[in-house]
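In: the amino acid sequence is not available; the structure is as follows:
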């Protein structure tokens with residue numbers, strides 16, 4: 001390994017729906033974290049790995065958006081995000097392209113005052129604004145925190161994401177690799193499958209329902225000939241009325257969620273998938289420690 005090889009941990013923080021998962025997927029080059037236009041999409045800390053044998057290895061931690069919690073699940077998500085700040089070498093803070101800095105951003109800036117790691121501000125979604133407006137956004141954010149770097153970029157189009165990588169390597173410490181060069185994530189396959197199903201549900205369903213759903217993979221087995229993987233998964237919701245909406249008329253909505261999820265799962269597993277989805281009601285699961293733990297959100301893990 002080269003003497004000037006760098007390695008370290010980088011976290012992506014920001015309010016919900018600023019494009020953290022989209023940026024991480026863009027840099028990694030494949031889909032690990034799920035994305036949707038609805039807030040609170042990422043619920044756990046997702047670890048992915050980017051390796052450049054000439055420069056170094058970056059371990060990304062994509063965290064839930066920092067927001068004002070409304071239930072135990074929300075408290076868990078914020079706790080995960082804020083704990084991550086203490087464990088990393090570089091922080092990427094993603095924000096919307098605007099001069100208005102609200103209470104949510106100011107809260108994040110306050111959290112960062114306690115942290116030693118360099119903070120790179122990424123003004124994301126620059127594809128949605130005029131180029132001449134960007135300087136005003138940079139100026140507004142420069143006043144609330146002493147950033148190591150400020151980079152305008154678009155995770156969606158890939159604009160300036162090379163610069164983001166260059167700047168991460170600039171601030172990473174020298175050190176050996178943490179993972180093999182072909183490792184892309186430490187997430188178990190079952191967990192990614194559950195997340196991909198949840199993503200499709202988020203995208204297909206109405207505003208109110210998605211916050212109250214979780215997905216568990218009951219069985220996942222590849223047949224002996226290796227050609228097909230059989231997966232049975234359950235979408236858990238909080239109300240009987242939600243169950244009817246998720247299933248849809250004649251099962252149409254569940255079929256739509258299933259067929260879209262299957263496409264992504266097949267890409268990930270590089271093979272055919274036979275996916276069966278069920279829907280169950282678990283009232284108030286987002287405020288139950290036991291049920292949250294059952295669905296993979298354990299406050300003791302934070």
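Out: Perfect, I can see it now. Computed from a predicted model, the values in this text were never measured in an experiment.

In: and after the lengthiest helix in the chain, which helix or strand comes next?
Out: Longest helix in the chain by number of residues, with DSSP state H as the criterion: helix 252-269. Toward the C-terminal end, the helix or strand that comes next after helix 252-269 (DSSP states H and E) is strand 272-281.

In: how far off helix 252-269 does that next one point, in degrees?
Out: For strand 272-281 against helix 252-269, the angle by axes from the mean of the first three to the mean of the last three Cα atoms, to 10 degrees is 140 degrees.

In: now for strand 272-281, which elements pack on it?
Out: Counting contacts by 3 or more Cβ pairs under 8 Å, 6 or more residues apart in numbering; DSSP states H and E, strand 272-281 is packed against strand 228-237, helix 240-247, helix 252-269. C-beta: built from backbone N, CA, C; applies to glycine.

In: low-confidence ranges in the stretch 51-200 of the chain?
Out: Counting by pLDDT under 70, the stretch 51-200 of the chain shows low-confidence ranges at 62-71, 73-74, 76-78, 80-82, 186-187.

In: so which of the helices and strands packed on strand 272-281 gets nearest residue 166?
Out: Taking Cβ to Cβ as the measure, the helices and strands packed on strand 272-281 were each checked against residue 166, and helix 252-269 came out nearest at 28.7 Å.

In: pull out the buried residues from that closest one.
Out: When burial is assessed from 16 or more other Cβ atoms under 10 Å, helix 252-269 yields the following buried residues: 253, 254, 256, 257, 258, 260, 261, 262, 264, 265, 268, 269.

In: isn't residue 197 right up against residue 277?
Out: Yes: the pair residue 197 / residue 277 is scored as a contact, 7.1 Å apart, by Cβ atoms under 8 Å.

In: now do the shared contacts for the two.
Out: Residues touching both residue 197 and residue 277 comprise 233, 235, 257, 258, 261, with contact defined as Cβ atoms under 8 Å, 6 or more residues apart in numbering.

In: so what touches the helix or strand hosting residue 162?
Out: Using DSSP H and E, residue 162 maps to helix 161-171. Applying Cβ under 8 Å, 6+ apart, the external contacts of helix 161-171 come out as 6, 10, 23, 26-27, 50, 52, 55-56, 58, 89-90, 92, 118, 120, 122, 148-149, 151, 153-155.

In: just the buried ones from those residues?
Out: Among the contacts of helix 161-171, those classed as buried by neighbour count (16+ other Cβ under 10 Å) are 6, 10, 23, 26-27, 50, 55-56, 58, 89-90, 92, 118, 120, 122, 149, 151, 153-155.

In: quick one on the thing from earlier: identify the farthest-apart pair in the buried residues of helix 252-269.
Out: Distance extremes for these: the farthest pair is 253 and 269 at 24.2 Å, using Cβ to Cβ.

In: about what we covered before: could you dump the buried residues of helix 252-269 to TSV with distance to residue 144 and pLDDT?
Out: Below are the buried residues of helix 252-269 laid out as TSV (distance: Cβ to Cβ, whole Å; pLDDT from 0 to 100):
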residue	distance to residue 144	pLDDT
253	43	93
254	45	94
256	43	95
257	41	94
258	45	95
260	40	94
261	40	93
262	45	94
264	38	89
265	42	89
268	39	80
269	44	82
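
In: out of those, which one sits closest to residue 222?
Out: The closest of the buried residues of helix 252-269 to residue 222 turns out to be residue 269 (Cβ to Cβ; 8.3 Å).

In: tell me the contacts of that closest one?
Out: By Cβ under 8 Å, 6+ apart, the residues touching residue 269 are 189, 229.

In: which residues in the stretch 51-200 of the chain form helices?
Out: 72-84, 103-112, 134-142, 161-171, 189-204 (DSSP state H, counting those that start in this stretch).

In: now distance to residue 283 and mean neighbour count too, for those, in JSON lines please.
Out: Shown next, in JSON lines, are the helices of the stretch 51-200 of the chain (distance: least, Cβ to Cβ, whole Å; neighbours: other Cβ atoms under 10 Å):
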{"stretch": "helix 72-84", "distance to residue 283": "14", "mean neighbour count": "20"}
{"stretch": "helix 103-112", "distance to residue 283": "30", "mean neighbour count": "15"}
{"stretch": "helix 134-142", "distance to residue 283": "42", "mean neighbour count": "15"}
{"stretch": "helix 161-171", "distance to residue 283": "43", "mean neighbour count": "17"}
{"stretch": "helix 189-204", "distance to residue 283": "18", "mean neighbour count": "21"}
